[in-house]
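Participant: Need coordinates for the following:
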Amino acid sequence: MSTLNALDPTPEQIKAFLAGSEDGKPVFMLNLLKFKKKATYKDAENISGREAYARYAAALSKMVEGQVGFGAVFGGNTNAWMIGQGKGEWDAVAIFTYPDAKTMFETVSSDAYRKIHKHRRAGLAGQLLISCDNEGLF
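Facilitator: Numbers count the residues shown, from 1 in each chain. Reported below is the predicted structural model:
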């Protein structure tokens with residue numbers, strides 16, 4: 001099995017994401033995150049990738065604060081592999097919910113989001129971002 005650690009979706013991925021979702025149906029975004037050792041800001045600020053991403057996460061949470069259907073569900077560091085194998089592929093995991101796919105896409109396409117995106121880009125080496133529903137498997 002191979003995976004592609006990337007920073008941005010392809011146009012095909014965006015089209016499939018939007019086409020496969022219903023308006024008003026919540027979307028849970030599973031984030032598998034790999035941080036840069038050192039953030040890459042244009043001004044060469046000397047902080048870790050994890051710290052830069054934390055700025056992004058805090059700014060995104062503040063941006064959607066008080067809006068219905070938005071929010072962090074879970075966020076934490078990866079620790080030990082219990083099933084399967086790997087070493088260092090992912091540093092952290094986060095789940096963030098949006099009211100629906102269209103709203104998620106509008107949010108990350110907004111001017112307000114563009115202002116905070118620099119922290120995400122400075123901090124991440126790459127990620128997997130997986131859209132999930134809440135159809136009740138468990």
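
Participant: how much space is there between the most centrally placed residue in the chain and Lys102?
Facilitator: For the chain, the residue nearest the mean C-alpha position is Asn31 (4.6 Å; C-alpha atoms, centre = their mean). According to C-beta to C-beta, to the nearest Å, Asn31 and Lys102 sit 19 Å apart. Glycine gets a C-beta too; all of them are placed from N, C-alpha and C.

Participant: One more: Leu128?
Facilitator: On the measure of C-beta to C-beta, Leu128 and Lys102 end up 22 Å apart.

Participant: now the strands: where do they sit in the chain?
Facilitator: 27-35, 71-77, 92-98, 124-132 (DSSP state E).

Participant: Distance from the last one to the middle of the chain?
Facilitator: Once both centres are worked out by C-alpha atoms, centre = their mean, to the nearest Å, strand 124-132 turns out to sit 6 Å from its chain's centre.

Participant: What segments of this structure are helices?
Facilitator: Here the chain has its helices, by DSSP state H, at 11-19, 49-64, 101-108, 111-123.

Participant: which outside residues touch the third one?
Facilitator: Read it as helix 101-108. Contact partners of helix 101-108, identified using C-beta atoms under 8 Å, 6 or more residues apart in numbering, comprise 14, 17-18, 20-21, 23, 25, 27, 29, 63-64, 69-70, 98, 113, 131.
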